[in-house]
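Student: Below is the sequence, then the predicted model.
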Amino acid sequence: MTNPLKDVLNSKVILVTGTNTTSNHPIIANYIHEAVTKHGAKLLVVDPRRIKLVDICHTWLRPRVGTNVAWINGLMHVIISENLQAQSYIDERTTGFEELKKCVAKYSPDYVAKITGIPEKDLIAAARLYATETPGSILYAMGITQHTSGTNNVKSLASLSMLCGNVGVAGGGVNPLRGQNNVQGACDMGGLPNVFTGYQTVTDEAVREKFAKAWNVATLPDRVGMTVTEMTAAGGEAIKALYIMGENPMLSDADIHHVEKNLQALDFMVVQDIFLTETARLADVVLPSTCFAEKEGTFTNTERKVLRVRKAVNAPGEALEDYRIISAIARQMGYAMEYADASEIMAEINRLTPSYGGITYERLEQGGVVWPCPTLEHPGTPILHINKFARGEGVFFPIEYQPSAELPDDEYPFVLTTGRVYEHYHTGTMSRKGSALNRLYPEALAEINVEDARNLDVADGEYVNIVSRRGSLKIKAAVSDITDRGVAFVPFHFYESAVNKLTNSALDPVSKIPELKICAVKIEKAA
Amino acid sequence: MNTIQLTIDGREIAAKEGDTVLQAARSAGIRIPTLCYHERLNPIASCGMCYVEIGGYSEPVQSCATPVAPGMDVVTQSEVLTDMRKESLQRLLLHHPLDCPICDKAGECRLQDLVFEYGIHADELQPPAKPREVVYATSLIKYWPDRCVLCLRCVTACKEVKGVCALGVAETEGRRHLEFYPERCVSCGECLQLCPVGALTENLSPTKGRAFLVNKVPTTCTYCGCGCQMELSVLDNRVVDVKGKDDAGVNQASLCVKGRFGYEFISSDQRLTKPLVKKDGEFQEVDWDQAIRVVARRFNQVKKEHGADAIGGFSSARCTNEDNYLFQKFMRAVIGTNNVDHCARL
């Protein structure tokens, strides 16, 4: 996030898109609720599903799944044609406005309505609302990114925000809500194929030299590595061995029949986890590790705030902290890797990572610190891009709408979209182990629209077969008006109803995110 | 923001315009007893504890619901006020069972603390003649109607903080009590967190620990990316309770159903406890030395036969920064590849 999560309390308008915030980031939904009900902020929801926040919104746009660039360009078209853009901000801080203007010229409300299904007058009202009530915050999540156009969707939202002068101000910003406790930190720490910690690139020789020296090795690899999705796809071919720590691609990846085949083709796979997950079952070696309550460390939350994690209980049996297991393997392979505790590792991170330079354990005792924080004296940076963008000028990217990789047709007439429910988390490895959350949401349900259910002769609670080109699933239907006609939503937490057997593994060309949010399916009443 | 000058207990205080007398006093470090008041909620003014005297006013007022005004002269401690607070406490306690020994909340009960502070005696009280049944508010929360003092913190928080409105007040046989709308409830436990007495209790952990006997460990939630601050209550190496941590920064003590009730996995008997190595398609338990040797040997072998780039590593958005840092260091410095990524895309 460019801005703190509580910053929506300073917003006059909040645009929420591709995030079912109430279910997946409930605490941020609290603040949205407070902003609307106590501070009079206007809420603009753009989502194909009738999510809970629609109840308190000012305007709800319901685009067809996968048409994000079209409606965002449509909003920008209206804003520019009515001259509502923040011209002085654009002149002072950005570049590429003329190109953007040219690009969005054809995205008239009429044209956008044909692509997205959003009525013209609603699009115009939403554009006026977002442009005239400032500051305006944009919140988004995987509903924006898990598309073959994911990167373009994000760039388009950034353009919309800059167009109205909303980046770098309190109550504004472009704010991705990150879905896992430490997904921000895993990125910050260089758990990515192209960068070391703090986004220092592996292709930069000076950076490689710095790390090689600190790590006491002669050289470090200079070629950008493969992403998770690429490594899985290359299993058994270019990739012969995998070391998987705390991940369960056998439920979370797209098209898992294919994933399973590739993982089984590996020469060797080691999985390090707290449970014997669906992925761990396929491993050659399984290493027992500790959960958050059994170790010291830090997580970095979605607003870039580094927060302490503390040991509360002893690990079960012989389970060890992940960092101790990694160190043991390294030592066995002849590399001296030894840390007395997690704070020693953080000290090394501090030395090698400018944005984490001042974030020490001692300091974290007083509370979380938001990076960039280069020195001990630095207060941290809750809002990014104040006065000036980190890269200099903010760039408007002219982006054309492109349809999703797999659209409904005569044989597969429905759209399938996936996500999470409030009561469960990711692949259910943790949330399905106890009784509490299972009491509330015991089994996978497929949300189907009332009219579709009537046409299919399916009643609420009856089973349907959902079939895609890649697999099929028998699942109980939950009939409601949450999804639109022609759209089904299925959560991916449930191994016994693994919806990712059906999803499409087509990737965004830049981010390599699979198009988990849309594929074509047929739905029939189950016998 | 304009400041307003007033006097509290003879001290000159500068308060923010729009603040209440209670907020002004608290900011100046002057304590006024409260029970129903909560910083995050609009004033409820149900408990009658925060009375103060203000010069020129005919009778004491509730400081939580009285805005500051220039030149106000406020007194927070007097015989009259003490008597009023005692009366309020007696009213709250009139039908409240003195079941502290079996109450989850004993030791961290606001009512218990105030009764002790004001020296109310048991002979002044009337325990309920006809005890009411303990019911389930949800499958995870029990409601003890006799213990409830109807301070309405829970009702107010459910409406104002969560926008859920799953709680209301009803009357049966002349006695008021909470009413639940389970179809609206999201089991976030905000009501549980804010209940100042033992009227709402968690119905999950088989083991209960007294507030003063458990070890409370502050930490960060392990579910979504909000980073909620929480406190794990630990008894005999087991997490028995999770509470939101009262910090201004991230979650302001709120949690969701996963953060508050999703802790059972920690002590699940399905946890992995020994390294496993697959032999002839079956996992066999081995010791750490053996497991580490197998992993190192196989990685070396693949590296030798196919090169470092034939090995890939998935680090994890579930693990700490320190774990992730070491993982990519291992892949880059020890294996010698940049094939390291994690589940950010999924």
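Tutor: Yes, it's here. Numbers count the residues shown, from 1 in each chain, chains lettered A, B, ... in the order given.

Student: C-alpha from now on. contacts and neighbour counts both.
Tutor: Noted.

Student: What average pLDDT does stretch A:134-147 get?
Tutor: Mean per-residue pLDDT for stretch A:134-147: 96.

Student: My error: substitute stretch A:365-381 in the last question.
Tutor: In this model, stretch A:365-381 carries a mean pLDDT of 95.

Student: Chain B contacts on the stretch 401-527 of chain A?
Tutor: Residues of the stretch 401-527 of chain A lying close to chain B (Cα under 8 Å from any Cα of the partner chain) are A:422-425, A:430-437, A:439, A:511-514.

Student: and with 7 Å instead?
Tutor: Where proximity means Cα under 7 Å from any Cα of the partner chain, the interface of the stretch 401-527 of chain A facing chain B comprises A:Glu423, A:Tyr425, A:Met430, A:Ser431, A:Lys433, A:Gly434, A:Ala436, A:Leu437, A:Ile513.

Student: Quick one, which of those residues are buried?
Tutor: Buried residues within these, counting neighbours by 16 or more other Cα atoms under 10 Å in any protein chain shown: A:Glu423, A:Tyr425, A:Met430, A:Ser431, A:Lys433, A:Gly434, A:Ala436, A:Leu437, A:Ile513.

Student: who's in contact with residue 190?
Tutor: You didn't say which chain, so I picked chain A. A:Phe196, A:Thr197, A:Gly198, A:Tyr199, B:Tyr325, B:Gln328 (Cα atoms under 7 Å, 6 or more residues apart in numbering or on different chains).

Student: was after chain B, sorry
Tutor: With Cα under 7 Å, 6+ apart, B:Glu190 has these contacts: B:Ala157, B:Cys158, B:Ser254.

Student: ok, back up a step: and the residues of the stretch 401-527 of chain A next to chain B, which two are the farthest apart?
Tutor: A:Ala436 and A:Ile513 (32.4 Å; Cα to Cα).

Student: May I have the phi/psi pair for A:Lys42?
Tutor: A:Lys42 adopts backbone torsions of phi -100, psi 130, taken as degrees, to the nearest 10.

Student: What is the neighbour count of it?
Tutor: 23 (other Cα atoms under 10 Å in any protein chain shown).

Student: ditto for A:Glu377
Tutor: Neighbour count of A:Glu377, defined by other Cα under 10 Å: 9.

Student: now swap in the one 10 residues further on and tell me
Tutor: A:Asn387 has 12 neighbours, counted by other Cα under 10 Å.

Student: ok now do it, which residues does it touch?
Tutor: Per Cα under 7 Å, 6+ apart, neighbours of A:Asn387: A:Gly168.

Student: Now do the phi/psi pair for B:Ala106.
Tutor: phi -50, psi 130.

Student: from the buried ones among the residues of the stretch 401-527 of chain A next to chain B, which single one is nearest B:Leu93?
Tutor: So of those, ranked by how close each gets to B:Leu93 (Cα to Cα), first place is A:Ala436, at 33.0 Å.

Student: Now do the same for that closest one: its pLDDT.
Tutor: Reported pLDDT for A:Ala436: 93.

Student: Need the nearest residue in space to it, chain neighbours excluded.
Tutor: Leaving out its chain neighbours, the residue that sits closest to A:Ala436 by Cα to Cα, 6 or more residues apart in numbering or on different chains is B:Phe261, at 6.2 Å.

Student: again with B:Gly168
Tutor: In this structure, B:Gly168 finds its nearest non-sequential neighbour in B:Glu179, 4.9 Å apart by Cα to Cα, 6+ apart.

Student: and what of A:Val421?
Tutor: That would be A:Ser23: by Cα to Cα, 6+ apart, it lies 5.9 Å from A:Val421.

Student: Could you export the contacts of A:Gly190 as TSV, including pLDDT and neighbour count?
Tutor: As requested, these are exported to TSV (pLDDT from 0 to 100; neighbours: other Cα atoms under 10 Å in any protein chain shown):
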residue	pLDDT	neighbour count
A:Phe196	97	25
A:Thr197	97	27
A:Gly198	96	20
A:Tyr199	96	17
B:Tyr325	98	25
B:Gln328	98	30
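
Student: Looking at the residues you listed, spot the one nearest A:Lys261.
Tutor: Nearest to A:Lys261 among these is B:Gln328, at 26.1 Å by Cα to Cα.

Student: how near is that closest one to A:Gly235?
Tutor: Distance, B:Gln328 to A:Gly235, by Cα to Cα, to the nearest Å: 20 Å.

Student: same check, this time on B:Val134
Tutor: Distance of B:Val134 to A:Gly235, given as Cα to Cα: 57 Å.

Student: Compare these two (neighbour count), which wins?
Tutor: Comparing B:Val134 with A:Gly235 by other Cα under 10 Å, the one with more neighbours is A:Gly235, at 24 against 14.

Student: Can you tell me the closest non-neighbouring residue to the more buried one?
Tutor: Closest to A:Gly235 by Cα to Cα, 6+ apart is A:Asn262, at 4.6 Å.

Student: What is the burial count for the one you found?
Tutor: Residues near A:Asn262, counting by other Cα under 10 Å: 19.

Student: That one is in what secondary structure piece?
Tutor: helix A:256-264 (DSSP states H and E).

Student: got the contact list for residue 25?
Tutor: Chain wasn't specified; assuming chain A. B:Cys224, B:Cys226.

Student: that's the wrong chain, I wanted chain B
Tutor: By Cα under 7 Å, 6+ apart, the contact list for B:Ala25 reads B:Arg31.

Student: Next one: it relative to B:Lys16, how far apart?
Tutor: Look at B:Ala25 and B:Lys16: by Cα to Cα, they are 11 Å apart.

Student: same question, A:Gly190
Tutor: In this structure, A:Gly190 and B:Lys16 are 46 Å apart, going by Cα to Cα.

Student: With B:Cys64 instead?
Tutor: Counting by Cα to Cα - B:Cys64 and B:Lys16 are separated by 14 Å.

Student: More neighbours: the two, which one.
Tutor: B:Cys64 (26 against 18).

Student: B:Phe330: what secondary structure?
Tutor: Using DSSP: H, G, I helix; E, B strand; the rest coil, the structure places B:Phe330 in helix.

Student: Could you chop the chain up by domain?
Tutor: I went with chain A, as the question did not name one. Residue ranges for the domains of chain A, per automatic domain parsing: A:5-177, A:180-225+A:322-372, A:414-525.

Student: my bad, chain B
Tutor: B:3-90, B:213-271, B:276-345.
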